[in-house]
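K.L.:
give the three-dimensional model of this entry:
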Amino acid sequence: MTDKSILRLLAARDEKGLTETEKKYGPYMTEISRNITSDIETAKECANEALLALWEASEGGGVRDLRAFIIKTVRNISVSRYRAGTRNRRGNGYDDLPFEELDECIPSGGDVEGEAEARRLADFIGEFVKKLPPRERTAFTARYFFACPLDETAKSLSLSEEQTRKLLYRIRQKLKKKLEREKWI
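P.N.:
Residues are numbered from 1 along each chain as shown. Here you go, the predicted model:
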């Protein structure tokens, strides 16, 4: 079933739209979430929460791109779940998480006023990623958006883990310099 057909079902409040979404994207959502949470049960819960969010957002045709909505939503839910589960517990076996790798070059904030600033920063980083060469863009999004483990990222790029680690480091340094030039940090 096409995404447009699924979105029509969802807009019409037909639960078959959720069933079809789960058939089409369920394993993909679970894999994205598992990469972030490192737990299959939590990943399944996050995928189900993403389906619920889709159901709520699709009323009246509120979702335009099913795949993008699902990916972004399951990722955000998974990151929130990961952060909630690891808050105040450093050294819990998640030494090489991609989010921590980015800490060195992305400023953090937490106030209400910072919400708009965070959106502008996300747009800025999105533009940065779009301008990267294809291999670098693939490495960056695999590692930092989909939270793919380093070995899987390396394999998908046909590189060694060390080469991939260095490539990601160079990309982070480029991003950091660009953020500094634009006075983000």
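
K.L.:
please count neighbours and contacts with C-alpha atoms only from this point.
P.N.:
OK.

K.L.:
what segments of the protein are helices?
P.N.:
Ranges of helices within the chain are 3-11, 16-37, 40-57, 66-86, 98-102, 114-130, 134-140, 150-157, 161-181, based on DSSP state H.

K.L.:
which strands and helices lie in contact with the longest one?
P.N.:
In other words, helix 16-37. helix 3-11, helix 40-57, helix 66-86 (3 or more C-alpha pairs under 8 Å, 6 or more residues apart in numbering; DSSP states H and E).

K.L.:
to D123, which of the ones you listed lies closest?
P.N.:
In terms of C-alpha to C-alpha, the element of the helices and strands packed on helix 16-37 nearest to D123 is helix 66-86, at 14.1 Å.

K.L.:
and that closest one, what does it pack against?
P.N.:
If you count contacts as 3+ C-alpha pairs under 8 Å, 6+ apart, helix 66-86 packs onto helix 3-11, helix 16-37, helix 40-57.

K.L.:
figure out which of those helices is closest to E161.
P.N.:
helix 16-37 (16.9 Å).

K.L.:
can you list contacts of that closest one?
P.N.:
The contact list for helix 16-37 (C-alpha atoms under 8 Å, 6 or more residues apart in numbering) reads 1, 6-10, 40, 42-44, 46-47, 51, 55, 67, 70-71, 74-75, 78-79, 81-82, 146-149.

K.L.:
so A57 makes contact with R64?
P.N.:
No: taking C-alpha atoms under 8 Å as the definition, A57 is not a contact partner of R64, at 10.2 Å.

K.L.:
got phi/psi on L159?
P.N.:
L159 adopts backbone torsions of phi -120, psi 160, taken as degrees, to the nearest 10.

K.L.:
err, S158, not the other one
P.N.:
Per degrees, to the nearest 10, the backbone of S158 is at phi 60, psi 40.

K.L.:
how near is the residue lying closest to V63 once chain neighbours are set aside to S80?
P.N.:
Spatially, and ignoring its direct neighbours in sequence, V63 is nearest to A57 (6.4 Å; C-alpha to C-alpha, 6 or more residues apart in numbering). In this view, A57 and S80 are 19 Å apart by C-alpha to C-alpha, to the nearest Å.
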